[in-house]
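# Quick one, structure for this:
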Amino acid sequence: MTRAIRLTVAYDGTDFSGWQRQKNGRSVQEELEKALSKMHGHEIRITGAGRTDAGVHAMGQVAGFFTDIQSIPADRFVLALNKLLPRDVRVMTSEEAPADFHARFDASLRRYRYFMLCGGTPDPFSLRYAYWIPRAPRLEVLNAMASVLLGEHDFSTFASAQDASPSRSRHISESSFWYEGTRLVYQIAGNAFLWKQVRSTVGTLLELEQMAENAAHGRALMKDLLESRDRTRAGATAPAQGLFLWNVEYGERIHGHKRRKMAPSAAAHEHEGSRIQQRPARLVPGLGWIEEDA
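So this is what the prediction gives:
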């Protein structure tokens, strides 16, 4: 008998090649799977809510896995895993989840924050987790432009050329800037994001703010850029160290596709000898159910 466990994970992404397991490079997923496999005595696979890139951090990444250990209460996986994990990855919470829980497909909202240091001479510790810019951008102009992103749009302008998503449409429910002293914070939340969409958006907003005469002009510039769906017109992608996956929410999915179910041929978990495997799938228009690696 197996149980589904949901984790909230924080990590310093500086020395990682990203969340997803890689052939050549250290990943957060790999570190968690190594710790879980050591606990269980056999291979355990884990699925995350979002695949952060190299250098991107997380305060509230969510991950799920199946365990056949009955003796450990769900909330005790925090202590057990943190004893086995490196110091730049911490499990913050652990709890029992529904038997069919999927950290990625069940998520209804993902929230990111991007941190910038404005002017002055920042200390080296701050630079590890923020992007330094030599000026203080105008908040009213930034927020006028950021508001253009709210709602459902085709975000091709901010998509990486390597993004393989079948649709570039996403729904954004939060998009705003505020100052915390000399630190500028941008928060954006949506049902899902394209590859490098947030960093491309930040870089573009910072560039357009310098061009805009005022808030109304900035809003018009951003609207024109978004509607162009032309990636070549977007600004430089902001560096990874300022970006945090802040938290992930679960609940009724109002925007985007409905809950993606498991492929008919794959159970939520299956035994192969002593191994527990989770084999999710996604529905691709025109192709049907496509199994994908966790």
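
# confidence score at the residue nearest the centre of the chain?
Per C-alpha atoms, centre = their mean, the C-alpha nearest to the average position across the chain is that of Gly50, at 3.9 Å. For Gly50, the pLDDT comes out at 93.

# same question, Ser160
For Ser160, the predicted pLDDT is 85.

# and the gap between it and Arg168?
11 Å (C-beta to C-beta, to the nearest Å). Any C-beta I mention is one placed from the backbone N, CA and C, and that applies to glycine too.

# One more: Gly181?
From Gly181 over to Arg168 the distance is 36 Å, taken as C-beta to C-beta.

# the more surrounded of those two?
Comparing Gly181 with Arg168 by other C-beta atoms under 10 Å, the one with more neighbours is Arg168, at 16 against 7.

# quick one: terminal-to-terminal distance for stretch 143-156?
Distance between the two ends of stretch 143-156: 21 Å, counting by C-alpha to C-alpha, to the nearest Å.

# Give me the buried positions along that stretch.
Buried positions in stretch 143-156, judged by neighbour count with 16 or more other C-beta atoms under 10 Å: 143-149, 153, 155-156.

# from those, which single one is nearest Arg3?
Of all the buried residues of stretch 143-156, Phe155 has the smallest distance to Arg3: 37.5 Å, by C-beta to C-beta.

# Ramachandran angles for that closest one?
phi -100, psi 30 (degrees, to the nearest 10).

# Below-threshold pLDDT in the stretch 151-294 of the chain: ranges please.
Within the stretch 151-294 of the chain, the stretches falling below the threshold (pLDDT under 70) are 253-294.

# could you pull out the helices for it?
Along the stretch 151-294 of the chain, counting by DSSP state H, counting those that start in this stretch, helices occupy 197-211, 215-228.

# highest average neighbour count across those?
Neighbour counts (mean count of other C-beta atoms under 10 Å) averaged over each of these peak at helix 197-211, with a mean of 22.

# before we move on, back to that, mutual contacts of Ser160 and Arg168, please.
Shared contacts of Ser160 and Arg168, defined by C-beta atoms under 8 Å, 6 or more residues apart in numbering, comprise Leu194.

# Determine which of the helices of the stretch 151-294 of the chain approaches Gly190 most closely.
helix 197-211 (8.7 Å).

# quick one: the closest one to helix 215-228, angle?
Interaxial angle, helix 197-211 versus helix 215-228 (axes from the mean of the first three to the mean of the last three C-alpha atoms, to 10 degrees): 140 degrees.

# What are the boundaries of the strands in the stretch 51-200 of the chain?
For the stretch 51-200 of the chain, the strands defined by DSSP state E, counting those that start in this stretch occupy 57-67, 89-97, 107-118, 131-133, 151-154, 169-180, 183-190.

# All set, thanks.
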